[in-house]
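Student: any chance you can model this:
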Amino acid sequence: MYFICPIIWLFAIKMYMIQGMSEKQLQFFAWGISVGSVLLAILAWGQDFRWQINDMTPYQWFPLLGLIAFSLMWAHYVASVVRQHNKIEPTVLKRYFDSTSVVVLIAILLHPGLLAYQLVEDGLGRPPDSFYDYVGQAMGLSITLGYVALGAFLLYEFRHWFGQRSWWRFISYASDVAILLIYLHALRLGSQLVSGWYLGVWYFYGATLLASLVYIHSRRLRKPKV
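Tutor: Residues are numbered from 1 along each chain as shown. You can find the predicted model right below:
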């Protein structure tokens, strides 16, 4: 049943990009895919733990925050592409981006933060060594990808102060690379992505994320330089 969700989203995106949309429809679309992707993340996470949430520790809660953060960032890229394709001003989605970006920032900080806290509480050491020990040396690269991506996302938070500088485009490029690193990080480490319906959703996220990045950067290359 759940495999229908990505198909519905893909159909909706395709229809909107062919027929065009109003500003209100764009806002509805952006909020809709954001809420939908977060609900799917919660559903996958809850099923993975059989909804036994009463006695959960940070070990069980921190993966959900990572899934929520990625889901919203994915929605940001898709909403941005649909906005650009329909030639709608960026200010139309300002409130949407401002609100959901706060949730993303909190989630990406609490995702490793909760794990670090519990590892220290259990006497298993402090990051970064405790993180590598927790996942095992075979998955160490995935932790490194997470560190690099987190650093890029935190740098991007300075856009309000430095977004108009000529060198800021490199930070923007770094954040685009970071979202791909997070995707791989979750694909390798997420227990919700080992198999089942949510893995299919995750592949859909990967395909649409790549398509969004190609679209965004191709527009940047076509944009005439002043």
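Student: and the residue most central in space within the chain, what does it touch?
Tutor: Centroid-nearest residue in the chain: Phe70, 1.9 Å away (criterion: C-alpha atoms, centre = their mean). Going by C-beta atoms under 8 Å, 6 or more residues apart in numbering, Phe70 touches 179, 182-183, 186, 205. From N, CA and C alone the C-beta is placed, and that goes for glycine too.
Student: helices of this structure, start to end?
Tutor: Ranges of helices in the chain, per DSSP state H, are 4-19, 23-48, 58-85, 94-121, 129-135, 140-156, 159-162, 168-189, 197-222.
Student: highest average neighbour count across those?
Tutor: Highest mean neighbour count among those (mean count of other C-beta atoms under 10 Å): helix 58-85, with a mean of 21.
Student: avg pLDDT for that one?
Tutor: The average of the pLDDT scores along helix 58-85 is 94.
Student: chain center to that helix, what's the gap?
Tutor: Counting by C-alpha atoms, centre = their mean, to the nearest Å, helix 58-85 is centred 3 Å from the centre of its parent chain.
Student: between helix 94-121 and it, find me the angle.
Tutor: Interaxial angle, helix 58-85 versus helix 94-121 (axes from the mean of the first three to the mean of the last three C-alpha atoms, to 10 degrees): 160 degrees.
Student: heads up, I number from 59, so please use that
Tutor: Sounds good: first residue 59 from here, last item helix 116-143.
Student: so helix 116-143 versus helix 226-247, what angle?
Tutor: Going by the same axes, to 10 degrees, helix 116-143 makes 130 degrees with helix 226-247.
Student: helix 198-214 and helix 116-143, what's the angle between them?
Tutor: 50 degrees.
Student: could you give the angle of helix 116-143 to helix 255-280?
Tutor: Using the same axes, to 10 degrees: helix 116-143 against helix 255-280 is 40 degrees.
Student: lowest-pLDDT helix or strand in the chain?
Tutor: None of the helices or strands of the chain scores lower by mean pLDDT, DSSP states H and E than helix 62-77, at a mean of 61.
Student: distance check, Leu182 against Leu199.
Tutor: 20 Å (C-beta to C-beta, to the nearest Å).
Student: next: Gly254.
Tutor: According to C-beta to C-beta, Gly254 and Leu199 sit 24 Å apart.
Student: pull the contacting residues for Thr158.
Tutor: By C-beta under 8 Å, 6+ apart, Thr158 lies in contact with 92, 130, 133-134.
Student: cutoff 7 Å now
Tutor: Listed by C-beta atoms under 7 Å, 6 or more residues apart in numbering, the contact partners of Thr158 are 92, 130, 134.
Student: again, but for Asp234
Tutor: Leu271.
Student: switch to 8 Å and redo it
Tutor: 271, 274-275.
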